[in-house]
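Visitor: Fold the following.
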Amino acid sequence: MQKGLKVVFLGGVGEIGKNMTAFEYGDDIIVVDSGLGFPDDSMPGIDLVVQDVSWLVKNRNRVRAFVITHGHEDHIGSLPYVLADVPATIYGSRLTLALIDNKLREHPGIKVKAVSVKPRSVVDIGSFKVEFVHVNHSVAGCFALAITTPAGVVFHSGDFKIDLTPVDGQVIDLTRIGELGKKGVDLMLCESTNVERRGFSMSETSVGRAMGELFEKYKQTRIFVATFASNVHRIQQLLDLAVRHNRKVAFSGRSMLNVSDAAMKIGEMKIDKDRLIDIAHVSNFKNEEVLVVLTGSQGEPGSALARMSAGEFNKVHLGPADTVILSSAPIPGNEKSVNTVVNNLVKRGTHVVYESLAEVHVSGHACEEEIKIMHALVKPKFFIPIHGEHKHLKKHKDLAIRMGMQARNVAIPELGDVFELTPNNLRKAGSVPAGIRLIDGKGCGTTDSNVLRDRLQLADDGICIIGVGFNKTTGAITSGPDVTTRGLLFLEEMETMIPELKAEIIKSLEKHNLNGGDLHDIRNAIRKDVQQFFFGRKKRRPLVVTKLQGN
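Guide: Take a look at the predicted model:
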């Protein structure tokens, strides 16, 4: 039996999102979280980004469970793509499991056991004893984890904040966290998302107060609030305001409908069903009687709000008699999309309220002083910062050292790193394959995929399609060359450049024997000549597709 606990970082370090950490002791492995990331500009057409789990697949017979801290996409979003290859029991809160169940319904081939746990529940999973500790965040049912192993105790913070006036009245369990710290924690993994923000995060209830003022200010208008579907506590505050101001409530957006339905079924969200209406029926009510809670706070193309702002949502048409509140902050990279939506709304004469104009959003992540409190309570022997880009992890390391930890006891991990914890030591113990997989509709590939390379080339340089017919016996050209381009030539260039290109193709064909030569080699030669033609005239190397048809 090995003496050390191995901690394997498969996601969520050196990046925001895609959170996944595996713990290995002896023949047992548990995985904490299985989140997704979103594509950047270098991934055209890609829907989602998930972890490379080849190491888990290789060890699938030793994976005992997935332990989920909470139900945000960056912690549960990759489960359908991971469980298909590594089926194992899932542990989480009622809301977390309800959100996972909604997700897995779209993948009916996946059948795994799900175990609901409550705060301070303790479960035995192979060599691991896992305790679930209640923390506050921007979704209900969030846990930190105390993982006890023969090699020591690990405290995993999950995503958290210290909210002393939470919407549901359930304050973060600082008492239990302090007790664990007093008993002794060997290694802490703590989130770093907001480590650069000084002070404390604001309470979620402050959003409710700000919303109440806006409901009064815009009481003669229809009110639309765009927020994250998973922020059940914020939505509950909106539902309470709807009751207070006698407004009917319509949900819009697939994720909003799914999450609200799941939350109401388990009692995490409460409202009289008679107050709910379909989005198609809002025009049947007076302006002051309508509240719409919808997706699209990040300006996502195709979201309910984006389509409404562009006038492409046939059930609702926005105008001067409407107020839209964006109850979120733009995720880095989404600023342009959000600004586009805001500008479209303003053009329509709609009243628009967003974070810089009112306190309509607070972060669900701990700021610097809250992180300090966590360190002071847990008092770990060793520390590894997680959930952040490299700058966040380094800032968090510096904070830990200022709090009295020795630099040699703090480690910053890279994707794929393996650290081994023994009772008196934490050391780097190698690495495993780690990286990303790209989800494209129902397909899945890597960044090395020719699909991505071709899409990038199409986006940058366009495509040229060439068709040539030839006599199989003589090799003489019988038709063409026919040329079609897309994303390559401006209309005014085609008249002169297409004839020149055809002449170049004929010149290239004359170098080869069509009735006996290798057609694959001939296609490659034409591709190179055509790309050279366009590079000389336009500094572009398009994707070239050549069809040689013998008859």
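Visitor: Can you tell me the closest non-neighbouring residue to L56?
Guide: Spatial nearest neighbour of L56, chain neighbours left out: V86 (4.8 Å); criterion: C-beta to C-beta, 6 or more residues apart in numbering. C-beta here means a position set from N, CA and C on the backbone, and glycine is covered the same way.
Visitor: who touches that neighbour in this structure?
Guide: 31, 53, 56-57, 60, 63 (C-beta atoms under 8 Å, 6 or more residues apart in numbering).
Visitor: ranges for the helices of the stretch 51-200 of the chain?
Guide: With DSSP state H, counting those that start in this stretch, the ranges of helices along the stretch 51-200 of the chain come out as 54-58, 73-76, 79-83, 94-104, 174-183.
Visitor: among those helices, which is nearest K428?
Guide: helix 54-58 (16.2 Å; C-beta to C-beta).
Visitor: The nearest residue in space to N409 that is not next to it in sequence and V7, how far apart?
Guide: Here the nearest residue to N409 in space, its sequence neighbours aside, is F382; by C-beta to C-beta, 6+ apart that works out to 4.9 Å. Noted for F382: a distance of 10 Å to V7, by C-beta to C-beta, to the nearest Å.
Visitor: circling back to that earlier point, show the pLDDT at the residue nearest to N409.
Guide: Per-residue pLDDT puts F382 at 98.
Visitor: low-scoring pLDDT stretches of the protein, where are they?
Guide: Along the chain, segments meeting pLDDT under 70 span 1-2, 40-41, 44, 46, 332-333, 356-358, 441-443, 445-449, 516.
Visitor: Please go through it and pick out the longest strand.
Guide: For the chain, the strand with the greatest residue count under DSSP state E is strand 477-486.
Visitor: S201 and Y25: what is the separation?
Guide: 34 Å.
Visitor: next one: V338
Guide: Plainly put, V338 is 45 Å away from Y25 if you go by C-beta to C-beta.
Visitor: a helix runs through E288, doesn't it?
Guide: Yes. Assigned with DSSP: H, G, I helix; E, B strand; the rest coil, E288 falls within a helix.
Visitor: Counting neighbours, what do you get for it?
Guide: Neighbours of E288 under the rule other C-beta atoms under 10 Å: 16.
Visitor: Can you give me the distance of it to F215?
Guide: According to C-beta to C-beta, E288 and F215 sit 10 Å apart.
Visitor: got it, and I439?
Guide: Using C-beta to C-beta, I439 is found at 39 Å from F215.
Visitor: For the residue with the largest distance to the centre of the chain, what are phi and psi?
Guide: Most distant from the centre of the chain: T474, at 58.2 Å, with distances by C-alpha atoms, centre = their mean. Dihedral pair for T474: phi -100, psi -20, per degrees, to the nearest 10.
Visitor: Please give me every residue in contact with it.
Guide: T474 is in contact with N515, counting by C-beta under 8 Å, 6+ apart.
Visitor: ok, now how distant is it from K315?
Guide: For T474, the distance to K315 - C-beta to C-beta - is 64 Å.
Visitor: same deal with L257?
Guide: L257 is 13 Å from K315, by C-beta to C-beta.
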